[in-house]
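[1] predicted model and sequence follow; I will ask about them next.
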Amino acid sequence: ILYKKKNQAEDKPISANARCRESSICSGSSEIKSRAVVKYCAAPPPTSYALLQEKTDLKLPPANWLRENPQLGSAGTTILGSSSKSKPFSSFGMAYEFIDCIGDDVDVVSDSENIKKLLKIPYSKSHLSMAVHRVGRTLLLDELDIQELFMRSSQTGDWTWLKEFYQRLIDQKWQRKKKSKEHWYQKAILSKFLYYSINGDGAAEPQSDGLNEGEEDSGADEFSSSWPTAFTSTSNAEESEAPKQGLRNDFVRNIMWTFEDIHMLVGSNMPIFGGGRYPAVSLRLRDNNKPINILTGIDYWLDNLMCNVPELVMCFHVNGIVQKYEMIKTEDIPHLENSTFSTRVVKDIAQNVLSFLKSNCTKEGHTYWLFKASGSDIVKLYDLTTLCEEAEEEKYQNPFTLPVAVLLYKVASNLMLNARQNRKHYGTIRTLLLNCVKLLHQDRHPQIIASAHYMLSELFQLDEPLEEDGGESLRAGGSEDSYSDEDREEEEEEDLTEDSDDDGSYSNCSSPQDDSKAVAVIRSVGELSVPEKYRSTHQIRPSCAFPVSQDKEERCRLVLSYVLKGLKAVDGSIKKESDLPAADPNTPIPLKYEDRSATGACATEKGISLLLERAGPLQGEPKHTTRSGMIPGSWQHHMKLKLFFKASKAYYVLSDAATNLLKYGRALRYIKLSLQCYDAYCSVSGTLHPHVLLFHSQCLSLCGDIQLMLAQNANNRAAYLEEYSYQTKEDQEILHSLHRESSCQAFSMATDLAMDPEYQLFVSSKCYEAAYELLVSEPLKDLTSDQLSQVLKRLGNIRNEMGVYYMNQAAAMQAEKEVKKSVSAAEQEMWKKSFGFFEKGMKDFEAIGDSTNTALLLCNTGRLMRICAQAHCNLSGDEGRGEFSPEEALYYNKAIDYYLQAMKALASREKHSAVWDSVNWELSTTYFTLATLLQDYAPVSRKAQEQIEREVTEAMMKSLKYCDLQTDSARQPLYQYRAATIHHRLASMYHSCFRNQVGDEHLRKQHRSLAELHYSKAVSLFLSLKDAPCELLRTLLERVAFAEFTMAGQNSSTAKLKSLTGAIEIMTETRHAFQLIHKELQEEQTEVTNGPMAGLNLQEVMKLIGVFEPSFSFLLLQVIKLMTTAKRKPSNKDDELLKTYKNVYSKLLRAEKNAPLVSRVELYVELLQQLMQRTGSDDTGTRKP
């Protein structure tokens, strides 16, 4: 036999001599499978018994009689010798101790005496009264002594309804039979025999209550009253201590007995002897004048099977005088004379009784009563819980209520330990806990109720995403009420329901002699011997399923409903009501909002200091009672901590979900509630554990996110205010419970809905700072690298947002100034704030190695420098702005430095192409702006013209360097336009230098060459744009003017003619520009209703035409004159060309000056086309004269 300590998790031997045996008992040709494993044994290893000499007189007491002995246990000290009476809650004591077995692995938990009574029903005429309870697929069986219950009832007034029901319908005359003198004589003889049989050198401490003897009834009245008396007390002790009496596991050994396919956890007190060639035997005393009957035989056989004892030693006596000993093998017991029985029949009885009970005892938490009257063949099953409800008496009068509730709670608690790995248990746990709560009165058992509701809330893991496969397993294979993957009975028997005949079906209505209150009836005990007469077809709660919702808000609301019920249970158990602040849970607690724009700095700083103080870790346990009167360390204290923290998490998840839905008012309300729960948690808790601090930093971080979003979405303030002000009744009641422990004002500054975006940004940054301070605090500094990176990223982002906010404020101040005077102090203050936030943000991003965001902040700082530069431009009264100032140059160069640092931080475009392109564009723009201002508002009073030209060229070329013309992107046309503009401006500058340069011929040639080069590139780029006809026309006209100026310095007619011809060829290229203008004019005419085209400046077009016409006429006139007066004889080609020139010139002169613009442009296109065909000018715009 295997010995095991209590609560040991596995069946491991603790003794070198211990062993586990499987026995297979054969009866005829059939084999009965029986296996017994001892889970726990309080007795010492078996020792050999003393073989009494013949003629020993058992009526004489032995010397050691009634002394405690480990071999017999404590019951041996009583004159009873042994007590076969089961305690009414013995199965619960075993269930509590071996909680892992309950619900799935075991079919029956009971005292071995009750098992024997059930299996002897067809053979016995004695009465049967048992209480049956169901937990999952496990049935708990206990003896229900009705007479004893009624004796208590007459004293307490409880259960009068059952007494009346029993007397009216069941047995009006039945009274307890008094035990005869013969009975007590036999008991005393047995006791003395056992003491004589002990060797006297037993080891181990005595722990057994006694030993069980066959069919004998129990002893003295003084030992019969074993009902617990404290089940309806209002004790607030731990739930494991609540059922103090009668719920201990008092058996000498607990055995896991498998009988055929039935798994039973049984308790046995039978003494086992051993030694020598008989390692384990049971010892029995029989009167030689009385033959062994079938009931006694079954008793002996079942006792040996349950305890895995292979042999039985029988001592025969006559009037107390020992006659002889006989040894019988266990497998031979069914064949003894006068007690022959079929083991297969016993097996069938066992299977039928189990099937009957499983099919009808279907409701968890209900107390069922299995009853057979003395001498009757009818067995009835009643649902006492339902009968109690019908009698309109309190269900709490049922003495089984609390043990059942505690057992349901313990099984759920045990399953919770493995629930994380196996979510299929969630439905089971939920059902167990809900049934547990139904059984208990909140005022009497608040601790179990609060704990159960907390566990229900824990089933919803709010901080983990619900995996798709996890959800499927809960909805499908893991039915809420299935206690195992493979419900063996359901699979084997789901196809048997149709085959069940009328005789084998359960009777839910009574035959004429039965009452109608029975749940089910076995019409004759003889039916139990028929193989498979009863079959279990009931599925354990198959219709329910664990409520797996993909909707986060729904899951959180369920959690909060359980938390609220738990809080109510805790609050109801705290008696110090008079000291609490008056508050009505039905009255909404206002969630204030405030316009903070005018709030003083003092009040703000006070709120921030409070926030940081509350965010820090607390030290030491509270020594005094809390605000509500809770004692630190009490169960109420521990439970409130758990419930407050769970509520805080639920509200956090709700807030996060609302944020994702862009419902920022609702999100702020939820994060306010979450932080209020946390505040109450801090008020109750003395020490904040790292996981609590870590969660709190997440709350503060989310609060910062929400305040930032509110600042960025100021247009929806009315909707946000409405969301923020709404409250559910559940939220109000939870707040009411929170206010019992705390004012919940520590985080009000962070969670109020302000109307000022600047203040919201400020609050957001402070929330992030508080979260950061938490993460770098001593308890968390080694645990939070990932979260610290996230908070630093948020800190960098909010500082960027605040920097941008103040930068935009400065830009707005600058734009609003009617007359630009010197820079105001307010502007400078905005710059300083903006620059300070950008600097801090860069440090945050650098701390986590985020080069991309560092580059963005450097880019924003560059933009700030440009705004500073714009604010420093000189104004010369009515004449507009003055020369380019040194301050402007300083700030533009600073901007360039920041942009270059950003480029350096990024290193290459591959790292982040969008940011790289943005920085590249800003850098090119800054260089271009600097060059343009230097060129247009040259500081001639401070610098030489040559130096200015050099600086302009340098800046233009650098801007051109960063014009990315190769990459295909949205900015490519802008880059092309800028590059074309740069070339045009450089060409114009060199053109001007060429015109104004006197003396240095080499320099003039260089300027002329550069002007030609840049004009050519500008024309080429403007041509490729297709949407800049005015710029193209202007560039070509300037190029024509440049050619005319070159011609003015020539004396030779041939050279002049060549220059004129080149100028005309350039002029023909304006055809492209006029075609684009003509196209846009036509589109404008067809879309008159849409107004003038946004892309075409008609005023600019008219101005350019005013330059084009005279210039075109002058060129044509000059070339006609030169060709006409040429000394050499003209060729045929020259004649044709001259005719064309004259024809074009004639048409140009005769053109009507007041004609519509479209007509005039059409004429220009036609004339230029005619010229192009004759001169053979190319279309590329890149020719060089």
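    It's in.

[2] just give me how far the helix or strand where residue 40 lies sits from the chain centre.
    Using DSSP states H and E, residue 40 sits in strand 30-41. Using C-alpha atoms, centre = their mean, to the nearest Å, the mean C-alpha position of strand 30-41 is found 46 Å from that of the whole chain.

[3] cool, stretch 964-983 as well?
    Remark: stretch 964-983 is offset 49 Å from the chain centroid, using C-alpha atoms, centre = their mean.

[4] let the chain start at 539 from now.
    Yep, numbering from 539; the last one is stretch 1502-1521 now.

[5] what about the spatially closest residue to residue 1516 that is not a sequence neighbour, how many neighbours?
    Closest residue to residue 1516 apart from its sequence neighbours, by C-beta to C-beta, 6 or more residues apart in numbering: residue 1501 at 5.6 Å. From N, CA and C alone the C-beta is placed, and that goes for glycine too. Using other C-beta atoms under 10 Å, residue 1501 has 24 other residues around it.

[6] is it fair to say residue 1501 lies in a strand?
    No - assessed with DSSP: H, G, I helix; E, B strand; the rest coil, residue 1501 is coil; it does not lie in a strand.

[7] roughly how far does it sit from residue 1512?
    The spacing between residue 1501 and residue 1512, counted by C-beta to C-beta, to the nearest Å, is 9 Å.

[8] what does residue 1598 give?
    Computed as C-beta to C-beta, the residue 1598 to residue 1512 distance reads 37 Å.

[9] more neighbours, these two?
    Taking neighbours as other C-beta under 10 Å, residue 1598 and residue 1512 compare with residue 1598 leading, 24 against 14.

[10] give the buried residues for the helix or strand containing that one.
    For residue 1598, the element it lies in under DSSP H and E is helix 1591-1606. By neighbour count on 16 or more other C-beta atoms under 10 Å, the buried set for helix 1591-1606 is 1594-1595, 1597-1606.

[11] what does that helix contact?
    Around helix 1591-1606, the neighbours that count as contacts under C-beta atoms under 8 Å, 6 or more residues apart in numbering are 1574, 1577-1578, 1581-1582, 1584-1585, 1588, 1649-1650, 1653-1654, 1656-1657, 1660-1661, 1663-1664, 1706, 1709-1710, 1713, 1715, 1721, 1723.

[12] ok, of the residues you listed, which come out buried?
    1574, 1577-1578, 1581-1582, 1584-1585, 1649-1650, 1653-1654, 1656-1657, 1660-1661, 1706, 1709-1710, 1715.

[13] keep only those of those that are in helices.
    Judged by DSSP state H, the buried ones among the contacts of helix 1591-1606 include 1574, 1577-1578, 1581-1582, 1584-1585, 1649-1650, 1653-1654, 1656-1657, 1660-1661, 1706, 1709-1710 as members of helices.

[14] thinking again about what came up before, what's the next secondary structure element after the helix holding residue 1598?
    helix 1608-1624.

[15] contacting residues around that following helix?
    If you take C-beta under 8 Å, 6+ apart as the criterion, helix 1608-1624 is touched by 1561, 1564-1565, 1567-1568, 1570-1571, 1574-1575, 1630-1631, 1633-1634, 1639, 1646, 1695-1696, 1699-1700, 1702-1703, 1706-1707, 1710, 1717, 1719.

[16] before I go, just wanted to say thanks for your time.
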